[in-house]
Every structure is written in structure tokens, then in C-alpha cells.
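1. Please work out how this folds:
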Amino acid sequence: MNKVYLDNAATTPLAEEVIDAMVGTMRMNFGNPSSTHSFGQEAKILIENVRRQIADYLHVTPAEIIFTSCGTESNNMIIKSSVEHLGVERIISSPLEHKCVSESILDMKSRKGVEVVYIRPNEKGDIDLNKLEELLKASDKKTLVSLMHANNEIGNIVDIKKIAELCKANNALYHSDTVKTMAHMEFDFSDVLVDFASCSAHKFHGPKGVGFAFIRKATGLKGIITGGPQERSLRAGTENVAGIVGLGKALELCINNMKTYADHIKEIKEYAIERLSADIPNIKFNGRSSEMENSVDSVLSVLLPYKDPLIGLQLDMKGIAISQGSACSSGASKPSMVMMMVLSEDEMDHCTPLRVSFSHLTTKADIDALVNALKEISNDFVIEKTNVEHR
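-> Residues are numbered from 1 along each chain as shown. So this is what the prediction gives:
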């Protein structure tokens, strides 16, 4: 059976160049980067080279890049330390955030008494920035705004520059979960004045278990993992040298090939929309995911016109890897909060959401395989429904 991978929003395959760079580092640079001898300092140089590389990409200073284990750790650190150390008393967010953000916020509400205000999105998954401005002006409490750059389930992109401007005008801090967009598009944090952002390497063909947080120096944020001076004393613990090198190589590949990758992924997404629309009657696309100018190219959120809670398993049995939403919510008995926000009750009861996510490695043949598999499954549902009606 030929296997097809269409779950790149959950994780991406490691690039061969990344594997080579990591293996070379593990063989030759095993020193502890905190050691003062040559073995340690050689490892330290590798880390600092990647830090400078990321800083150049984001147009910030190297001191503002802190290596972590993933986007989840970065988001936890930023949100919890903002409350613990920066005096944040109020957080404005939305129900569309990743669980690591939403649960960190609820933890601060429960343990620290932080006021939490949610901006409810419209049926397309859009955030009303006029409502955000209204909320920012409604309180003098020290406020953190946490709104992701692009949604990992429906692909909607928000205007982070405009949000950052609104926050600055109202003395609020702005945190953006940029895990879905980092390394996939250009960033300039010298112009887009976000205070905090997060990244996971495995979302752009790097290794799992490594990421970074952008922490603007002027904020004065402090670490929540203590025990050593590593990462500017913001994240104690021996650094994952091979993982950081792998992150750097993956970022280099994405930056050098950004337009080529983006053009290919956009073409694949347009082909997927065309094929699915033509071959699956009454199919619908969720959020802005089918609107090429308003969503990330790598995500297409689909609503199948029948209820099939086992659709992921059925497709997997046909050799197609895909998900119904965020990997962090897979296996849950209820639909994700994102789907609950953008789908009607009738759609929730009678339809099936599916997230198709692409990379520069995805081919049109992969899309053809998905469409053919869905046609087979759809036909089974039609036959089953007809037999039930005839009994």
C-alpha cells in the first residue's frame, strides 16, 4: 500500500539535510555548552550561531531568542511569567487558541485570580479587532493579549501588526502563538511590535523537542524553569545542542526556499479545493481556509456532508494519514473548541470535519488518493443510508 501523508499541521517530515546536521553534531559536538573547556565552547558556538540566525530572520537581537523544548513550553513560559513577574492581572484571548495557550490562561485564572476575557469569533473564525480595542480601553488593569497569528485548524490569519499597535496604544502586552507561521513567511519584529512569540521546529521540517520563544528585552520577563544561568537565566537546563542545530538547518532551508515552497503548497491547496469540490457533493470548507488571501496555504479545513466519527481511522486503513483537528485534541470524544466556534449545531450533528494539511513534499497524486478514498467512503454512506430507508 502506498502511504500518503496529509497531516503536516501536526508535524512535518524531517528534511534529510536536518538529519545530517544533527547526526554530525551528535558525533562531533557532545560537549556541555556550559562547560568552559573547548568541547563545551564548541557546542556553545553552535547554539549561538543558530540564535543569531533566528534573530536576523526576525530582525531582533540574539538576546531576545530563548531556546525551549517546543511551542507549548514557550507559550506556558510567556503567559505564566507575565502573570508571575510582570504583574498581568487581565488576559484577553479567544476560544480559538491552541490548548497550551487556553489551558495556561485558565491555570492563571484559577491559581492567581487573573481576569480572563474572550473575544468570540464570527462564524468564519474572524476576530473583531474593534471589539479588541473596546476591551483594551475598558480597563486599567495590566493586560496581556494572547491571539495566535494563524489558526492551526482552520488556517485563519490575524493582523498581528494591527493588534500589536492596539496593544501599544493601550499599554498592554501582546503574545502571539506563531507556531503555524514561523519559517513559512517573512517576519520583521522591528516593525511588528509583538512582545512575545513562540516557535516549534517540527512544524517546518525540523526535529521534535526543540523550539524557541521570542521575548522582547524591554518587557523584563523572567524564567519559570530555574536551576542554572542557561538561556539568559530564562530557561535553566542543559541545551539540546543537536536539536538546536537541526532547528537552525530547517530554518535555513525554509528561508532559502520560502517562495518555491509557498508557490508549490499554494498550487496543491488550489488543486485540493478543485478536486474536493468537484467530486464530493455538498462539501464545505471551514473558516477562511479555502480563501487563499486570508489563510495559511498549508491548511484546508473540510466539512464532509455526513457523520463519520471514524473517518480518520478509515482513511488510515486506506493508507492516508490525516486528522480531524489539532493533534493535541485527537482522540477526544467531543469536537475541538475551534470547530464548536465555526460550525452550527446542525453541522456538528450531521457532518464530519477533516483537516487536510500540506507541505512542499505533498503531490497532486496525494490529493487524488485522498479524493478517491473519500469517494469510496461517501458511496458506502449513501448505500447504507438507502438500505436503512428501505427497511
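2. check contacts around the nearest residue to Ala213 once chain neighbours are set aside.
-> Once flanking residues are discounted, Ala213 sits nearest to Ser74: 3.8 Å by Cβ to Cβ, 6 or more residues apart in numbering. Any C-beta I mention is one placed from the backbone N, CA and C, and that applies to glycine too. Neighbour list for Ser74: Ile66, Thr68, Ser198, Cys199, Gly211, Phe212, Ala213 [criterion: Cβ atoms under 8 Å, 6 or more residues apart in numbering].
3. likewise Val245?
-> So Val245 contacts Ala21, Met22, Thr25, Asn29, Leu46, Val50 (Cβ under 8 Å, 6+ apart).
4. May I have the secondary structure class of it?
-> With DSSP: H, G, I helix; E, B strand; the rest coil as the basis, the three-state label of Val245 is helix.
5. hmm, back to that, would you double-check that the residue nearest to Ala213 falls in a helix?
-> Yes - counting by three-state DSSP, Ser74 is found in a helix.
6. any weak-confidence spans in the chain?
-> Applying pLDDT under 70 to the chain picks out residues 325-334, 381-391.
7. ok, which stretches of it are strands?
-> 4-5, 65-68, 90-93, 115-118, 143-146, 173-177, 196-200, 211-215, 284-285, 299-304, 320-321, 352-357 (DSSP state E).
8. What strands flank the third one, and is each parallel or antiparallel?
-> Going back to what we said before, that points to strand 90-93. strand 115-118 (parallel), strand 143-146 (parallel) (DSSP bridges).
9. Return the set of buried residues in the first one.
-> It stands for strand 115-118. Val117 (16 or more other Cβ atoms under 10 Å).
10. centre of the chain versus that strand, how much separation?
-> 22 Å (Cα atoms, centre = their mean, to the nearest Å).
11. export it as CSV, just CAs?
-> Written as CSV, here are the backbone C-alpha positions of strand 115-118 (Å, rounded to 0.1, in the frame of the first residue of the first chain):
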residue,chain,number,x,y,z
GLU,A,115,-9.4,38.2,34.9
VAL,A,116,-10.0,36.4,31.6
VAL,A,117,-11.9,38.0,28.7
TYR,A,118,-12.6,36.1,25.5
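12. And the contacts of that strand?
-> Residues contacting strand 115-118 (Cβ under 8 Å, 6+ apart): 89-95, 105-106, 108-109, 135, 139, 141.
13. which among the residues you listed end up buried?
-> The buried subset of the contacts of strand 115-118 (16+ other Cβ under 10 Å) comprises Glu89, Arg90, Ile91, Ile92, Ser93, Ser94, Ile105, Met108, Leu135.
14. Using TSV, lay out the residues you listed together with distance to Val4.
-> TSV is the format used below for the buried ones among the contacts of strand 115-118 (distance: Cβ to Cβ, whole Å):
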residue	distance to Val4
Glu89	49
Arg90	46
Ile91	40
Ile92	40
Ser93	35
Ser94	33
Ile105	36
Met108	41
Leu135	44
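15. what's the closest of the residues you listed to Ile280?
-> Using Cβ to Cβ, Ser94 is the member of those that sits closest to Ile280, with 30.0 Å.
16. The closest one and Asn8: what is the separation?
-> Noted for Ser94: a distance of 24 Å to Asn8, by Cβ to Cβ, to the nearest Å.
17. same check, this time on Asp20
-> Taking Cβ to Cβ, one finds Asp20 at 21 Å from Asn8.
18. Same drill for these two, tell me which one is more crowded.
-> Asn8 (23 against 12; other Cβ atoms under 10 Å).
19. can you pull the contacts of the more buried one?
-> So Asn8 contacts Ser298, Ser357, Phe358, Ser359, Thr362 (Cβ under 8 Å, 6+ apart).
20. gap between the second one and Ala242?
-> Okay, so that is Ser357. For Ser357, the distance to Ala242 equals 27 Å [Cβ to Cβ].
21. of these two, who's got more company?
-> Ser357 (27 against 22).
22. Quickly note the distance from the more buried one to Ile154.
-> Counting by Cβ to Cβ, the gap from Ser357 to Ile154 is 11 Å.
23. what touches both of these two?
-> Common neighbours of Ser357 and Ile154, counting by Cβ under 8 Å, 6+ apart, are Val299.
24. is it true that Asp366 touches Asn2?
-> No - using Cβ atoms under 8 Å as the test, Asp366 is too far from Asn2 to be in contact (9.4 Å).
25. and the two? which has more neighbours close in?
-> Neighbours were counted for Asp366 and for Asn2 using other Cβ under 10 Å; Asp366 has more, 21 against 8.
26. If we ignore the residues flanking it in sequence, what's nearest the more buried one?
-> Nearest to Asp366 is Val4, by Cβ to Cβ, 6+ apart, at 4.7 Å.
27. Over to Glu186?
-> Nearest residue to Glu186 in three dimensions, chain neighbours excluded: Met258, at 7.4 Å (Cβ to Cβ, 6+ apart).
28. which residues does Thr12 contact?
-> With Cβ under 8 Å, 6+ apart, Thr12 has these contacts: His202, Lys203, Phe204, His205, Ser359.
29. try 6 Å
-> The neighbours of Thr12, taking Cβ atoms under 6 Å, 6 or more residues apart in numbering as the test, are His205, Ser359.
30. what's it sitting at in phi/psi?
-> Main-chain dihedrals, Thr12, degrees, to the nearest 10: phi -110, psi 150.
31. Give me the neighbour count for Asp380.
-> Neighbour count of Asp380, defined by other Cβ under 10 Å: 13.
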